[in-house]
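Participant: structure for the following, please:
(one chain, ligands or ions: 2)
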Amino acid sequence: MSLENPVFDCKQCGECCKGFGGTYVSSEDIHAIARFTGLSETVFRESCCQEAARGPVLAVDEENRCIFQKDHICSIHPVKPRMCREWPFIPAVLRQPGNWQLMGDACPGIIQKAPAQAVYNQTLASLQKTRPGFRPEQAIAPADVSDNRPLFPA
Ligand code: SF4
Ligand code: SF4
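Facilitator: Ligands and ions are numbered 1, 2, ... in the order given. Prediction:
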């Protein structure tokens, strides 16, 4: 994060882990989390995932929180899905800068008044770390379901 133009300061509130359908898991995510939890991929999908419109998502508990959130902390942090690792620096921010403000309505760590250029630059830099070789034009055409994350869990 740039000290001159901070755009994000996570408050550790755990609100981003709430809501059904918010966390899609790719086949790579499923493989990594199943291995981490000691489950077979089949059992993991049956017991820890639910089907959403675009594929499997992590299941939520009776309080509508991701089942892997324990005491406001992610219990699978080393292998959490890519969309969790990337938040809030996601392709949707490059596609439509106004999404930053929308996301900020639900995520208190997002600095909504941050300069748009700083948000763009830091989002691109973050994506290039999580996705080596990532180019801005790839944000226009999502490559896989993980890019289709809703702007924020309901
Ligand atoms: S995997 Fe971890 S970071 Fe992602 S929604 Fe679940 S608890 Fe939150
Ligand atoms: S909702 Fe935003 S501020 Fe809260 S834990 Fe998630 S990323 Fe951090």
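Participant: low-confidence ranges, the chain, go.
Facilitator: Applying pLDDT under 70 to the chain flags residues 1-4, 20-21, 141-154.
Participant: show me what from it comes close to ligand 1.
Facilitator: 17, 23, 58, 66, 68-69, 74, 76, 80-81, 84 (Cβ under 6 Å from any ligand atom). Bear in mind the C-beta positions are built from the backbone N, C-alpha and C, glycine included.
Participant: list just the nearest of those to Thr123.
Facilitator: Ranked by distance to Thr123 (Cβ to Cβ), the residues of the chain next to ligand 1 are led by Cys84 at 15.8 Å.
Participant: run a quick neighbour tally on the closest one.
Facilitator: Neighbours of Cys84 under the rule other Cβ atoms under 10 Å: 21.
Participant: same question, Gln96
Facilitator: By other Cβ under 10 Å, 12 other residues sit near Gln96.
Participant: how much space between it and Met103?
Facilitator: Using Cβ to Cβ, to the nearest Å, Gln96 is found at 11 Å from Met103.
Participant: picking up where we left off before, quick check on the residues of the chain next to ligand 1: which are buried?
Facilitator: 17, 23, 58, 66, 68-69, 76, 80-81, 84 (16 or more other Cβ atoms under 10 Å).
Participant: check those and tell me the two furthest apart.
Facilitator: The two members of these with the most space between them (Cβ to Cβ) are Gln69 and Pro81, at 12.8 Å.
Participant: just to revisit the earlier point, present the buried ones among the residues of the chain next to ligand 1 as TSV; the columns should include distance to Val119.
Facilitator: Shown next, in TSV, are these (distance: Cβ to Cβ, whole Å):
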residue	distance to Val119
Cys17	23
Thr23	23
Leu58	27
Cys66	26
Phe68	28
Gln69	26
Ile76	28
Lys80	23
Pro81	23
Cys84	20
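Participant: longest helix of this protein?
Facilitator: helix 116-130 (DSSP state H).
Participant: in the protein, what residue spans correspond to strands?
Facilitator: Under the criterion DSSP state E, the chain carries strands at the ranges 49-52, 55-58, 69-70, 73-74.
Participant: wait, Thr130 sits on Arg82?
Facilitator: Yes. Counting by Cβ atoms under 8 Å, Arg82 is a contact partner of Thr130 at 6.6 Å.
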